[in-house]
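Participant: This is a predicted model, with the sequence first.
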Amino acid sequence: MTPAEYIQLKAFARIDGALLALLWVASFACYILGIANPVYSMVAMLLMVATPFFVGRRLSKFRDVGLGGTISFGRGWGYSVYVFFYAAILLALAQYVYFAYIDQGYLMKSLADALSTPEAKQMIEQYGIQQSMQESLEQMGQLRPIDYALNVLTVNILAGMVLGLPIAAMLQRRAVKL
């Protein structure tokens with residue numbers, strides 16, 4: 001890959017990473033709203049499941065428009081990893097802002113409320129995990145907004161590296177020699 005081709009790949013990936021970040025931020029917003037309304041939880045799940053299809057569609061557009069219809073597996077995987085990387089950075093930034101300035105303990109309170117229902121208490125007692133659930137809630141309460149953001153950043157980058165493999169494999173296309 002020449003330096004110009006690498007610059008082109010990163011430019012397309014930045015744009016598509018920003019679009020994927022919008023999808024992820026919408027999913028995160030629906031997740032938070034889904035705490036009070038289960039319909040939003042379903043929307044959040046659908047948006048997350050759409051991620052590999054979205055990246056695949058953007059990769060095929062890059063292949064067809066930017067590269068004239070051919071792309072190697074390695075370039076496709078690199079493009080996918082970059083898209084996930086840029087989207088993960090933007091999502092982590094959005095989540096940091098949310099947890100630092102907007103949440104004000106809403107998520108933790110909602111989790112504690114959900115675990116204090118009679119049904120949840122009964123289930124926790126049946127499995128004998130009262131102590132571990134209490135410790136987990138305490139540990140989550142001690143996390144800083146940057147901790148949440150960095151955790152999500154790491155998970156999304158690793159997910160991109162793994163999901164990029166089948167996406168690149170399915171969408172690679174070699175030049176036809178006549």
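Facilitator: Okay, I see it. Residues are numbered from 1 along each chain as shown.

Participant: Could I get the average pLDDT for the longest helix anywhere in the chain?
Facilitator: Selection of the longest helix in the chain by residue count, based on DSSP state H, yields helix 3-33. Along helix 3-33, the predicted local confidence has a mean pLDDT of 96.

Participant: Which neighbouring elements make contact with it?
Facilitator: Counting contacts by 3 or more CB pairs under 8 Å, 6 or more residues apart in numbering; DSSP states H and E, helix 3-33 is packed against helix 38-49, helix 51-61, helix 73-97. All C-beta atoms are positioned from the backbone trio N, CA, C, and that covers glycine.

Participant: Neighbours of Gly68, how many?
Facilitator: If you count neighbours by other CB atoms under 10 Å, Gly68 ends up with 9.

Participant: Could you do Tyr82 as well?
Facilitator: Counted by other CB under 10 Å, the residues lying close to Tyr82 total 20.

Participant: Name all residues that make contact with Ser116.
Facilitator: Remark: with contacts taken as CB atoms under 8 Å, 6 or more residues apart in numbering, Ser116 is in contact with nothing.

Participant: Contacts only, for the spatially most central residue of the chain.
Facilitator: By CA atoms, centre = their mean, the chain has its centre lying nearest to Asn156, at 4.9 Å. For Asn156, the set of contacting residues under the criterion of CB under 8 Å, 6+ apart consists of 24, 84, 87-88, 91-92.

Participant: Low-confidence stretches in the protein?
Facilitator: Within the chain, the set of residues satisfying pLDDT under 70 comprises 176-178.

Participant: ok so, going back, roughly how far is the longest helix of the chain from the heart of the chain?
Facilitator: Averaging C-alpha coordinates over helix 3-33 and over its chain gives two centres that are 10 Å apart (CA atoms, centre = their mean, to the nearest Å).

Participant: buried set for that helix?
Facilitator: For helix 3-33, burial by neighbour count (16 or more other CB atoms under 10 Å) applies to 9, 12-13, 16-17, 19-21, 23-25, 27-32.

Participant: what helix or strand does Ile124 sit in?
Facilitator: Following DSSP states H and E, the helix or strand that holds Ile124 is helix 118-127.

Participant: The helix or strand that that helix is followed by to helix 118-127, inter-axis angle?
Facilitator: The helix or strand immediately downstream of helix 118-127 is helix 130-142, counting by DSSP H and E. Orientation note: helix 130-142 sits at an angle of 120 degrees relative to helix 118-127 (axes from the mean of the first three to the mean of the last three CA atoms, to 10 degrees).
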